[in-house]
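[1] need the 3D shape of this:
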Amino acid sequence: MEAAGLDALYSEPLETFIAARNALAKALAQAADRDGAAVVKALRKPSIAAWALNQLSRTRPAEVERLLSAGEELRDAQHDALEGGDPSRLREARRAHDGEVDRLAGMAAEVLSDSGKPPSPAQRDRITSTLQAVAGDEEARELLRRGRLERDLEPAGFGFVDDLTIVSTPAPREPAPRRQVERPRRPTPAAAEREQERAREDARREARRLAAAAERVAARVDRLSREADEAERNAIELRRLADESREELATARRAADEAGRRSERARPVP
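    Residues are numbered from 1 along each chain as shown. The predicted structure follows:
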């Protein structure tokens, strides 16, 4: 199965996607590419948000790459913050990524409007959520880059350190002259380091919790996707059987009509 065939399929308008998919699967089957035909037949019709982003990826690939680069910087900044790096880098990376998400979401909305399907507020939200989720999902990044997204995505387990406060170790100070009444002692560098380590450990625990939640959601999505794909395959098979039955019915009716005409011709003339 050639990639060009899939590229053409995902460039189709939403209204003709199913017909184009079935035609491509049939052509592959006729060319003895049964595996390719099975893969194509199992492809799902993209959601409205996914379709808009797919078209944007094909017509404005440089704009999509800007978003993906911003997502990479955000992931690096997040990792750096967890290791005790400068939290300001994370805040700046988050702002830059959010800006790219908003910009690309606006372009995707224009794609839908130009195709005669102005997006509703809910659809715009799904476009934004999908773009946000791409930053934390390697498979989704590749699907967006190739323009082959199928479904809406939800961000899960990403950006959890946005509000993390990293405690910096204070620089050593010269000892103050002793007075009769001693001032309360400032935290020692060792105490500050322990506080910083606790903050890191809290962030790691939160990361593990959110990652586990994301895995549960992903498993549920995969299960529902498989069930939907199976239902669609069953529907395709039932339509095929219905078409064959209609052809058999037409053949039977023609045979009955012919038999009736022969009977009339064979009737003796009075």
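
[2] rest of the way, CA atoms for contacts and neighbours
    Will do.

[3] low-confidence ranges, the stretch 151-270 of the chain, go.
    Applying pLDDT under 70 to the stretch 151-270 of the chain flags residues 156-187, 202, 205-232, 234-235, 237, 267-270.

[4] now do 80
    Counting by pLDDT under 80, the stretch 151-270 of the chain contains low-confidence ranges at 156-248, 259-270.

[5] the stretch 1-150 of the chain too?
    Checking the stretch 1-150 of the chain against pLDDT under 80 turns up 1-4, 85.

[6] got the phi and psi for R200?
    The phi and psi values for R200, taken as degrees, to the nearest 10, are phi -60, psi -40.

[7] go ahead and confirm it touches L82.
    Yes: R200 is within contact range of L82, at 5.9 Å (criterion: C-alpha atoms under 8 Å).

[8] could you pull out the helices for the stretch 1-150 of the chain?
    Remark: helices assigned in the stretch 1-150 of the chain by DSSP state H, counting those that start in this stretch are 3-10, 17-30, 34-41, 48-59, 61-82, 87-114, 121-134, 138-146.

[9] and the fourth one, which residues are buried?
    Meaning helix 48-59. Within helix 48-59, the residues that qualify as buried by neighbour count (16 or more other C-alpha atoms under 10 Å) are I48, A49, A50, W51, A52, L53, N54, Q55, L56, S57, R58.

[10] tell me the phi and psi of P118?
    Per degrees, to the nearest 10, the backbone of P118 is at phi -50, psi 130.

[11] oh, that last question was meant for P46, not what I typed.
    phi -60, psi 150.

[12] contacting residues around it?
    Taking C-alpha atoms under 8 Å, 6 or more residues apart in numbering, we find P46 in contact with L14, L149, E150, R151.

[13] is the last one in a helix, a strand, or coil?
    Secondary structure for R151, judged by DSSP: H, G, I helix; E, B strand; the rest coil, is coil.

[14] quick one: it from L143, how far?
    According to C-alpha to C-alpha, to the nearest Å, R151 stands 11 Å off from L143.

[15] which of the two has more neighbours?
    Neighbour totals were compared for R151 and L143, and R151 leads with 18 against 15 (other C-alpha atoms under 10 Å).

[16] burial measure for the residue lying closest to that one once chain neighbours are set aside, as a count.
    Nearest non-adjacent residue to R151, counting by C-alpha to C-alpha, 6 or more residues apart in numbering: S47, 5.2 Å away. Residues near S47, counting by other C-alpha under 10 Å, number 16.

[17] tell me the phi and psi of S47?
    When read as degrees, to the nearest 10, the backbone of S47 gives phi -70, psi 170.

[18] so it makes contact with E150?
    Yes: contact status for S47 versus E150: in contact at 6.1 Å, counting by C-alpha under 8 Å.

[19] any idea how far R89 is from N22?
    Distance check for N22 against R89: by C-alpha to C-alpha, it reads 49 Å.

[20] test my guess that V134 contacts L149.
    No: look at V134 against L149 with C-alpha under 8 Å: they stay out of range, at 10.6 Å.

[21] need the residues touching each of these two.
    A140.

[22] just want to know which of those two has more residues nearby.
    Shown here are V134 and L149; by other C-alpha under 10 Å, L149 has more neighbours (26 against 22).

[23] touching, the more buried one and A52? I think so.
    No: applying C-alpha under 8 Å, one finds L149 not in contact with A52, separated by 9.5 Å.

[24] grab the nearest non-local neighbour of the most centrally placed residue in the chain.
    In the chain, the centroid-proximal residue (C-alpha atoms, centre = their mean) is L153; its distance is 4.3 Å. Leaving aside its chain neighbours, L153 sits nearest to T130 (4.4 Å; criterion: C-alpha to C-alpha, 6+ apart).

[25] just G5 next, same as before
    Nearest to G5 is L24, by C-alpha to C-alpha, 6+ apart, at 7.5 Å.

[26] so that neighbour touches V39, yeah?
    No: under the criterion of C-alpha under 8 Å, L24 is not in contact with V39, lying 10.5 Å apart.
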